[in-house]
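K.L.:
Sequence and predicted model, in that order:
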Amino acid sequence: MNTRYRISPQGRGVLNERQIDAHRDPKRLLFNYHRAVARPKRPLYKDPRSFIALLIIVLLAILITEVVEKEREPGPQALPQQNGRE
Amino acid sequence: MTPEQELAYIAAAQADPQRFAPLYEHYFATIFRFIHRRAGDRDLTADLAQQTFLKALLALPRYEPRGLPFRAWLYRIALNEVRMHWRKRKEVVMDLAWAEVRPLSEEFGLEQQEAEMRLLANGLGRLNNAQARIVELRFFDGLSFAEVGQVLGIAEDAAKMRTHRALAVMRAYLVQRA
């Protein structure tokens, strides 16, 4: 970013105290501060560490569900035995 | 506000952000003018000033007084905010009044006349970004070398040396044009 300078007798005009005071808002500052402090700085999905941890948890959950479902299903050896008895 | 009072206010605000008000009240106008010089627009300046004080308040627990005025630390945050805002712009125009450039024009013995002021503006345009920032801080914002160093994250001696180099670049241009 380059800066080009323009020098004139008045410039942008000197701001007086009243003009500056119009923008003074300590309540808004504290409100914004409490809002910034209250929420996490980065959303979970944008934080690489949290994202990987979340991914691992989800993958483990899928894996456990798959294993549990497989155990619940009757095994391939159980079926012929039942057929043989009949 | 004496330096002792300032330290006491900083310590109080570090313990309780609600007690940041005296520092905010004291420095608001200074920071507002500092940003306005670079941003131009008053509403934009108000937003950047609010953002500056918010960042200062959030970073205050990590602030360590090192014998330099608190305002230099605020200037550093403010300058960063301005830079962040203009980061996508190739060129920014800085409108200055004759009164604002007086310390710099006196440095070169220039009179406050239309032609000489145009020459000064062109001379400023000869500086690279780093040199321009130093000259702005030193001559338009009236910071000491120690404060310039703190704002730019360099030593006081380095700030002094870089200012002299920047002035030498300008002087060479002005002599050539004279």
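P.N.:
Yes, it's here. Residues are numbered from 1 along each chain as shown, chains lettered A, B, ... in the order given.
K.L.:
and residue 29, how many residues sit next to it?
P.N.:
Looking at chain A here, since you left the chain open. Using other Cβ atoms under 10 Å in any protein chain shown, residue A:29 has 22 neighbouring residues. To be clear about C-beta, it is placed using only N, CA and C from the backbone, and glycine gets the same treatment.
K.L.:
Oops, wrong one, chain B.
P.N.:
18.
K.L.:
Pull up the gap between it and residue A:28, please.
P.N.:
Applying Cβ to Cβ, to the nearest Å, the value for residue B:29 to residue A:28 is 17 Å.
K.L.:
Repeat that for residue B:22.
P.N.:
17 Å.
K.L.:
For residue B:60, give me its contacts.
P.N.:
With contact set as Cβ atoms under 8 Å, 6 or more residues apart in numbering or on different chains, residue B:60 has these partners: B:10, B:13-14, B:17, B:20.
K.L.:
ok, which of the residues you listed also contact chain A?
P.N.:
B:17, B:20 (Cβ under 8 Å from any Cβ of the partner chain).
K.L.:
Which single one of the contacts of residue B:60 is nearest to residue B:152?
P.N.:
The closest of the contacts of residue B:60 to residue B:152 turns out to be residue B:10 (Cβ to Cβ; 21.8 Å).
K.L.:
Tell me the confidence at that closest one?
P.N.:
Listed pLDDT for residue B:10 reads 92.
K.L.:
same question, residue B:23
P.N.:
In this model, residue B:23 carries a pLDDT of 93.
K.L.:
right, and it touches residue B:11 too?
P.N.:
No - if you go by Cβ atoms under 8 Å, residue B:23 and residue B:11 don't touch, sitting 11.0 Å apart.
K.L.:
which of those two has more neighbours?
P.N.:
Neighbour count, other Cβ under 10 Å: between residue B:23 and residue B:11, residue B:23 has more, with 22 against 11.
K.L.:
Not including adjacent chain positions, what is the nearest residue to that one?
P.N.:
residue B:9 (5.2 Å; Cβ to Cβ, 6 or more residues apart in numbering or on different chains).
K.L.:
Can you tell me the element the one you found falls in?
P.N.:
Under the criterion of DSSP states H and E, residue B:9 resides in helix B:3-15.
K.L.:
what about the residue of chain A found nearest chain B, is that helix, strand or coil?
P.N.:
Closest contact between chain A and chain B, by Cβ to the nearest Cβ, is at residue A:11 (2.9 Å). Of the three states, residue A:11 takes coil according to DSSP: H, G, I helix; E, B strand; the rest coil.
K.L.:
Now do the contacts for the closest residue to it other than its chain neighbours.
P.N.:
In space, and not counting its chain neighbours, residue A:11 is closest to residue B:97: 2.9 Å by Cβ to Cβ, 6+ apart. Shown in contact with residue B:97 (Cβ under 8 Å, 6+ apart): A:7-14.
K.L.:
centroid residue for chain B?
P.N.:
By Cα atoms, centre = their mean, chain B has its centre lying nearest to residue B:137, at 4.0 Å.
K.L.:
Confirm that it sits in a helix.
P.N.:
Yes - counting by three-state DSSP, residue B:137 is found in a helix.
K.L.:
That one against residue B:148, yeah?
P.N.:
Yes - applying Cβ under 8 Å as the test, residue B:137 and residue B:148 come out as touching, 4.8 Å apart.
K.L.:
and residue 42, how many neighbours does it have?
P.N.:
Chain wasn't specified; assuming chain A. 10.
K.L.:
think we crossed wires, I meant chain B
P.N.:
17.
K.L.:
between residue B:22 and residue A:28, which one's more packed in?
P.N.:
Neighbour count, other Cβ under 10 Å: between residue B:22 and residue A:28, residue B:22 has more, with 17 against 13.
K.L.:
tell me the secondary structure for that one?
P.N.:
Reduced to three states by three-state DSSP, residue B:22 is helix.
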